[in-house]
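Participant: all I have is the shape, not the residue letters:
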């Protein structure tokens, strides 16, 4: 398996230099008329264009596992994987169904932003130091549905969000496709298609932005996925171990006891400490994993990533930022994350750090806090440049 993996990595490196120029038209599916000013871009990169008056477009697409996005206000977004396209490529867009809000069981909240705006910002933009320098310029386009019965919160944006990130020097047009928070399990699922544009600034600002991008890249999930594709996770500073979780039996016992009895004064400190523990305990297995023990070559541009239960991933070259410890004062200073697959699938990982299906992977720990819009980098980011 190791020989096959390394051979595929060589093919990945060679294929990154090849590009395809995609050409075609975007057409209204109902009227068959061309659509002008449709945004056509490669998701999570800085590559994009808009259609001309006759609906035509031309876009250079690098080799790799990318999603090409066709976005137009009032129309449903369409995406295509790069391995499914060929010239000429005509796309038919249909009107969006957002206008059907009146027939859904859970209506939009009247004062949604006043009630949920800060909560949304904290979950979507983040609570990092970089988040303080991020602004969503068109918050009025965001509407909220709070399903009290299902205990979920859904956010819907009627146009791409315009986000200014002064910490990293990016303007981001974010086509938000899904945002759901599960209050019961405390899980956040969001998915969208960002287009990055580098902000202009003085030479001093550009150097500062480059240094900040390098800082947030190191130890990030993108850094890990790129290292996994190159089979250098150990060399890049990632300590990876298999892990599983078991129920915290002592916490369960104390909860049950306190349900029917008052807390004994002489044992209150012990009980309080146990109740502050997680509901599950983590068992981390010895034996550091290498890239080729959890990944393999699928084709010339993609690696497969498979594992059972959980992986514990610690980046050993630096500690967490102070902002993380302010949010989680009981946590360790180690830059440690836990990942698990919500369904039994093989993640397909590209050399640029992209992977899919993205909603199949759940992050907790450091990545659960850090992998937010305020620290997001485009897939065409070049480390060290």
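Facilitator: On my side now, so go ahead. Everything quoted here is computed from the prediction, not taken from an experiment. Numbering: from 1, shown residues only.

Participant: spatially nearest residue to residue 320, not counting backbone neighbours?
Facilitator: residue 335 (5.2 Å; C-beta to C-beta, 6 or more residues apart in numbering). Every C-beta, even on glycine, is put in place using the N, C-alpha and C of the backbone.

Participant: give me the neighbour count for the one you found.
Facilitator: Counted with other C-beta atoms under 10 Å, the neighbours of residue 335 add up to 24.

Participant: what pLDDT does the model give it?
Facilitator: Residue 335 is assigned a pLDDT of 96 by the prediction.

Participant: helix/strand/coil for the most far-flung residue of the chain relative to its centre?
Facilitator: Residue farthest from the centre of the chain, counting by C-alpha atoms, centre = their mean, is residue 266 at 46.6 Å. Of the three states, residue 266 takes helix under DSSP: H, G, I helix; E, B strand; the rest coil.

Participant: could we number from 300 for the rest of this?
Facilitator: Understood, numbering begins at 300; the last thing we discussed is residue 565.

Participant: what distance do you get for it to residue 492?
Facilitator: Per C-beta to C-beta, to the nearest Å, residue 565 is found 58 Å from residue 492.

Participant: quick one, helices of the stretch 400-549 of the chain?
Facilitator: Under the criterion DSSP state H, counting those that start in this stretch, the stretch 400-549 of the chain carries helices at the ranges 411-423, 502-516, 520-528, 548-559.

Participant: swap in the stretch 550-684 of the chain?
Facilitator: So, for the stretch 550-684 of the chain - with DSSP H, counting those that start in this stretch - the helices run 567-574, 621-626, 665-669.

Participant: in JSON lines, list those helices along with mean neighbour count and distance to residue 332.
Facilitator: Listed next are those as JSON lines, based on neighbours: other C-beta atoms under 10 Å; distance: least, C-beta to C-beta, whole Å:
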{"stretch": "helix 567-574", "mean neighbour count": "12", "distance to residue 332": "63"}
{"stretch": "helix 621-626", "mean neighbour count": "14", "distance to residue 332": "50"}
{"stretch": "helix 665-669", "mean neighbour count": "22", "distance to residue 332": "45"}
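
Participant: can you list these in TSV and add mean pLDDT?
Facilitator: Shown next, in TSV, are the helices of the stretch 550-684 of the chain (pLDDT from 0 to 100):
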stretch	mean pLDDT
helix 567-574	79
helix 621-626	92
helix 665-669	95
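
Participant: between those, which gets nearest to residue 465?
Facilitator: Closest approach to residue 465 among those (C-beta to C-beta): helix 621-626, 16.2 Å.

Participant: quick check: domain ranges of this structure?
Facilitator: Domain assignment for the chain by automatic domain parsing gives 301-395, 399-498, 516-547+579-674.
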